[in-house]
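Q: Model the structure of this input:
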Amino acid sequence: MTMTSLTINPEDVRSSAGARPAWLEQVAAYVQQAAADGETVTLTAKRRMMTPEQVADAMGVSRPTISRKIKAGEIRAVKVGNRNRIPYEEFARYWRKTMGDLVELTRDELRDDLFGDQ
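A: Modelled structure (predicted):
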């Protein structure tokens, strides 16, 4: 009997190198085992979602901070039942914006720290 599911993360696919990357080997082995067991394989893609807690951990802030950002419209979230979920692409967008703002705010201070007053 084959596994019920196999998950391949986008990072694995993007960072793969070589003639036949490891993630592709996993897929091939999965399909071969399913065929040997007389099973059908269906491939699907699913948008990755993050909880507010996962976003908070990744950004080094509290979950309530992320919840406030969602309520203020700074982070787009979707409701799954009565819970907020943040699409991974939205997390990445907000991360880039936040880091860009941080660099802009601290640019002069960093330059002074690195090179002294000029």
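Q: Alpha carbons of the strand or helix carrying E11, as CSV, please.
A: Under DSSP states H and E, the secondary-structure element containing E11 is helix 10-14. The C-alpha coordinates for helix 10-14 follow below in CSV (Å, rounded to 0.1, in the frame of the first residue of the first chain):
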residue,chain,number,x,y,z
PRO,A,10,8.2,25.1,-3.6
GLU,A,11,11.6,25.9,-2.0
ASP,A,12,12.7,22.4,-2.8
VAL,A,13,11.8,22.7,-6.4
ARG,A,14,13.3,26.2,-6.8
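Q: Could you list every helix and strand that the helix or strand that that helix is followed by packs against?
A: Going down the chain from helix 10-14, the next helix or strand is helix 22-36, by DSSP H and E. With contacts defined as 3 or more C-beta pairs under 8 Å, 6 or more residues apart in numbering; DSSP states H and E, the packing partners of helix 22-36 are helix 10-14. Bear in mind the C-beta positions are built from the backbone N, C-alpha and C, glycine included.
Q: for the helix it packs on, packing partners?
A: Packing partners of helix 10-14 (3+ C-beta pairs under 8 Å, 6+ apart): helix 22-36.
Q: Now do the helix or strand just after the helix it packs on: distance to the chain's middle.
A: Next helix or strand after helix 22-36 toward the C-terminus (DSSP H and E): strand 49-50. With C-alpha atoms, centre = their mean, to the nearest Å as the basis, strand 49-50 stands 7 Å off its chain's centre.
Q: next one: stretch 104-118
A: 32 Å.
Q: Using CSV, list the CA coordinates for it.
A: The C-alpha trace of stretch 104-118 is given here as CSV (Å, rounded to 0.1, in the frame of the first residue of the first chain):
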residue,chain,number,x,y,z
GLU,A,104,14.9,53.0,4.7
LEU,A,105,14.4,54.1,8.3
THR,A,106,17.8,53.0,9.5
ARG,A,107,19.9,53.7,6.4
ASP,A,108,21.5,56.9,7.6
GLU,A,109,22.2,55.4,11.0
LEU,A,110,23.8,52.3,9.5
ARG,A,111,25.9,54.4,7.2
ASP,A,112,27.1,56.5,10.1
ASP,A,113,27.9,53.4,12.2
LEU,A,114,29.8,51.8,9.3
PHE,A,115,31.6,54.8,7.9
GLY,A,116,31.4,57.5,10.6
ASP,A,117,30.1,61.0,10.0
GLN,A,118,31.0,62.1,6.5
